[in-house]
Structure formats: structure tokens, C-alpha cells
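Enquirer: Need coordinates for the below:
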Amino acid sequence: MIVSGELGILFNPDTVYAIENSDSKYDVIAENEDYTITIYENLSKISVENIMRRITFQIECQEIKDDETKEKSPSTDQSTRT
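Expert: Here you go, the predicted structure:
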């Protein structure tokens, strides 16, 4: 899985979250065991909500794709045998 934003990209994130700054704007942070990066800065609350929905949707789609790939692996896919 990959998450990306205007400021960066991170492979295999463990966590994606928003933090509120002192000026009531938000930054979106992505972390894995090796890195913590800011992928967006100075966003309104509405923008953060939309971005987090998009990231959640991407993760859900990737999980479905991964499940389908596992189901169609050569060891279980009868359609590839002749």
C-alpha cells in the first residue's frame, strides 16, 4: 500500500492521522516502522475529512485486490491448468 499527498509519499503505512496546529489548521501524517512524514499541511477540517475518506477508500480497495490476488494464485486457480 502507498499513501501520498502534496508533500510526500510513504510505502506500507502503519498509521495515517491528522494533528491540529495552534492556528486551527491540520497536518496529515503517515507513519510506518521506519519513517514519519507529513503528507499535507495547513488544511481545514473539511479538507482533512475528505482526505482521510479517500485514504480509507484506497486502503479498502487495496485489501480487496490483495484478497482477490490470493484467491487467484496459480496453486488454487484451476482455470490456468490444461
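Enquirer: Let me know the average pLDDT across stretch 48-66.
Expert: For stretch 48-66, mean pLDDT rounds to 88.
Enquirer: Show me what counts as buried in that stretch.
Expert: Val48, Ile51, Ile55 (16 or more other C-beta atoms under 10 Å). C-beta: built from backbone N, CA, C; applies to glycine.
Enquirer: What distance do you get for the first one to Leu10?
Expert: Val48 sits 17 Å away from Leu10, going by C-beta to C-beta, to the nearest Å.
Enquirer: residue contacts, the residue nearest the centre of the chain?
Expert: Of all residues in the chain, the one closest to the mean position by C-alpha atoms, centre = their mean is Val3, 4.1 Å from it. Residues in contact with Val3 (C-beta atoms under 8 Å, 6 or more residues apart in numbering) are Ile9, Leu10, Pro13, Val16, Ala30, Ile39, Ile55, Gln58.
Enquirer: Which PyMOL command selects the buried ones in those?
Expert: In PyMOL syntax, the buried subset of those is picked out as below (16+ other C-beta under 10 Å):
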select buried, resi 10+13+16+30+39+55
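Enquirer: Cross the buried residues of stretch 48-66 against helices and list the overlap.
Expert: Val48, Ile51, Ile55 (DSSP state H).
Enquirer: With distance to Ser73 added, can I get these in JSON lines?
Expert: JSON lines is the format used below for these (distance: C-beta to C-beta, whole Å):
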{"residue": "Val48", "distance to Ser73": "38"}
{"residue": "Ile51", "distance to Ser73": "33"}
{"residue": "Ile55", "distance to Ser73": "27"}
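Enquirer: hang on, the earlier thing: show me what the residue nearest to the centre of the chain bridges to in the sheet.
Expert: Listed by DSSP bridges, the beta-bridge partners for Val3 are Leu10.
Enquirer: measure the residue lying closest to Met1 once chain neighbours are set aside to Glu20 for me?
Expert: If the residues on either side of it in the chain are set aside, Met1 comes closest to Gln62, at 5.0 Å by C-beta to C-beta, 6 or more residues apart in numbering. Counting by C-beta to C-beta, the gap between Gln62 and Glu20 amounts to 28 Å.
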